[in-house]
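> just coords:
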Ligand code: PLP
């Protein structure tokens, strides 16, 4: 007899797991790694956010709350979003979720049926693909051009729309490439979706780590809001990855359906995390500006380092905290057969942790997270330069 349901067979464990496990093993053996693997800020959560959680616990704010989040946190989130992006969501057009990933998971479960097509630009964050497949949806990949900085345009998206298209998933700034969808392209894509009666699911988890200074949200185009769902996260913006704080903003019926799903699964996000999140989004945003300035410095530092490695080329990321260099010049040398192979060898032989591009739908790249100290950047680049030089 069959043990597992079909749906669990449609997904894989995160492609980063193998390399993470190998890296952890080396670390436990005392090996000093230059670790560019983890997609999370190296900063501590700011003091005022931690204090709000501690105070909530001390005041016994430790019980069940409204499934979709207390009214105060939903209001704080929509107010922040309105202030920063000119959106006009009401608190009941917001659901607070256990991390941005759950917001994404729930919106896909709520919207996507078997056989529905979901358009996904490549390179993509790996969870998009698996979550769509888990729901039974068909992923329609749209290649972006590396020579155009992995730019996603309305024209590319339009060419992929069919009568079966249900939604378009966008992530700007992008994990893994750091590419940003321009305000003009984003507006055109949102209007295209509106016209075709399909949804734009916009993952804005790095929206505050956009380095271009020219920033809009999917929610900024208020006349199209019935076809937009914004997926947000406090993880990267406020260095809160472990807290599990995210949200979705969208049309009331979709938010209500997501809350219904949540009522039969996770229920509310931890009560003290909701209080901490109010402090994060309502308090001073100076920490966000400081983090962003630091990431820009680290990006420039790692790109300057790459310039000293012959054969390695890299697009200039406009946001997030990843670089996605092209390694095709090294594939075929020293017995390296693929980007995965290269990542494994970089770990074993150079003690540098990177994630192979296969995890993001491309075969010639590796991803490095530069949310690390400047010293780690320098040391990692030095090790890579030495390793690649040996390959000849
Ligand atoms: N979306 C993207 C593109 C991400 O890179 C991540 C985390 O790596 C998430 C969403 C999920 O973040 P969280 O669930 O921590 O809010």
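Everything's here; your move. All values derive from a computational prediction rather than experimental measurement.
> Which helix or strand in the protein has the lowest average pLDDT?
Least confident element among the helices and strands of the chain, by mean pLDDT, DSSP states H and E: helix 17-28 (a mean of 87).
> Show me which residues of that one are buried.
With burial defined by 16 or more other Cβ atoms under 10 Å, the residues of helix 17-28 counted as buried are 19, 22, 23. The way it works is simple: take the backbone N, C-alpha and C, and place the C-beta from them, glycine included.
> Is any residue of it near the ligand?
No: figure legend: helix 17-28 not in contact with the ligand (Cβ under 6 Å from any ligand atom); closest approach 12.9 Å.
> circling back to that earlier point, tell me which of the buried residues of helix 17-28 is nearest to the ligand?
The shortest distance between the ligand and any of the buried residues of helix 17-28, using Cβ to the nearest ligand atom, involves residue 19 and amounts to 15.1 Å.
> can you pull the contacts of that closest one?
Contacts for residue 19 (Cβ atoms under 8 Å, 6 or more residues apart in numbering) come out as 37, 343, 344, 347, 353, 354, 355, 356.
> And the helices in the stretch 201-350 of the chain?
Under the criterion DSSP state H, counting those that start in this stretch, the stretch 201-350 of the chain carries helices at the ranges 252-263, 271-282, 286-306, 339-345.
> right, and those helices - which one's nearest residue 91?
Taking Cβ to Cβ as the criterion, residue 91 comes closest to helix 252-263 out of these, the separation being 9.9 Å.
> Can you list the neighbours in contact with that closest one?
Contacting residues not belonging to helix 252-263 are listed as 67-68, 90, 92-95, 97, 102-103, 106-107, 109-111, 229, 248-249, 268 [Cβ under 8 Å, 6+ apart].
> and if we set it to 10 Å?
Outside of helix 252-263, the residues within contact range by Cβ atoms under 10 Å, 6 or more residues apart in numbering are 66-69, 74, 89-98, 102-103, 105-107, 109-111, 199, 226, 228-229, 247-251, 268-269.
> Filter these down to the buried ones and express that as a ChimeraX selection.
A single ChimeraX command suffices to select whichever of the contacts of helix 252-263 are buried according to 16+ other Cβ under 10 Å:
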select :66,67,68,69,74,89,91,93,94,95,96,97,98,102,103,105,106,107,109,110,111,199,228,229,247,248,249,250,251,268,269
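> Filter the contacts of helix 252-263 down to just the ones in helices.
Among the contacts of helix 252-263, the subset assigned to helices under DSSP state H consists of 74, 102, 103, 105, 106, 107, 109, 110, 111.
> which residues touch the second one?
To tie it back to what came earlier, the one meant is residue 102. By Cβ under 10 Å, 6+ apart, the contact list for residue 102 reads 95, 231, 233, 244, 246-248, 258, 261-262, 265-266, 269.
> ok, which of those also contact the ligand?
Answer for those near the ligand (Cβ under 6 Å from any ligand atom): 233, 246.
> Which residues of the stretch 51-200 of the chain lie near the ligand?
For the stretch 51-200 of the chain, the residues in contact with the ligand under the definition Cβ under 6 Å from any ligand atom are 99, 100, 101, 125, 171, 175.
> Dig out what residue 95 forms beta bridges with.
Note on residue 95: beta-bridge partners by DSSP bridges are residue 248.
> now do residue 322
Residues in a beta bridge with residue 322, per DSSP bridges, are residue 369.
> so how far is the ligand from it?
Spatial separation of residue 322 from the ligand under the definition Cβ to the nearest ligand atom, to the nearest Å is 9 Å.
> Mind pulling the model confidence for that residue?
pLDDT, residue 322: 98.
> thought it was touching residue 357?
No: using Cβ atoms under 10 Å, residue 322 is not in contact with residue 357; the gap is 11.3 Å.
> joint contacts of those two?
Counting by Cβ under 10 Å, 6+ apart, the contacts common to residue 322 and residue 357 are 176, 177, 367.
> Can you list which of those are found in strands?
Within those, residues falling in strands by DSSP state E are residue 367.
> Pick the one among the shared contacts of residue 322 and residue 357 closest to the ligand.
For these, the residue nearest the ligand by Cβ to the nearest ligand atom is residue 176; the value is 8.4 Å.
> distance of residue 189 from residue 197?
For residue 189, the distance to residue 197 under the criterion Cβ to Cβ, to the nearest Å works out to 14 Å.
> higher neighbour count, those two?
residue 189 (27 against 10; other Cβ atoms under 10 Å).
> which residues does the more buried one contact?
Neighbour list for residue 189: 119, 152-158, 168, 170, 181, 200, 202, 218, 221, 224, 228 [criterion: Cβ under 10 Å, 6+ apart].
> Quick one, which of the residues you listed are buried?
119, 152-154, 156-157, 168, 170, 181, 200, 202, 218, 221, 224, 228.
> Of all the residues you listed, the one with the weakest confidence?
residue 218 (88).
> Neighbour-wise, which one of the shared contacts of residue 322 and residue 357 leads?
Ranked by neighbour count (other Cβ under 10 Å), these have residue 177 at the top, with 32 neighbours.
> Between the two ends of stretch 124-140, how far is it?
Criterion Cα to Cα, to the nearest Å; first-to-last residue distance in stretch 124-140 is 12 Å.
> May I see the buried residues of that stretch?
With burial defined by 16+ other Cβ under 10 Å, the residues of stretch 124-140 counted as buried are 124-135, 137, 139-140.
> and it, how far from the chain's centre?
If you compare the mean C-alpha spot of stretch 124-140 with that of the full chain, they lie 14 Å apart, counting by Cα atoms, centre = their mean, to the nearest Å.
> Run a quick neighbour tally on residue 337.
Here the neighbour count serves as a burial measure; for residue 337 (other Cβ under 10 Å) it reads 9.
> ok, now residue 284?
10.
> Same check on the one 4 residues further on?
Residue 288: 18 surrounding residues under other Cβ under 10 Å.
> same question, residue 141
Neighbourhood size, residue 141 [other Cβ under 10 Å]: 13.
> Pull out the buried residues from stretch 51-64.
Residues of stretch 51-64 classed as buried by neighbour count (16+ other Cβ under 10 Å): 52, 53, 56.
> pretty sure the second one contacts residue 45?
To tie it back to what came earlier, the one meant is residue 53. Yes: between residue 53 and residue 45 there is a contact under Cβ under 10 Å: 8.8 Å.
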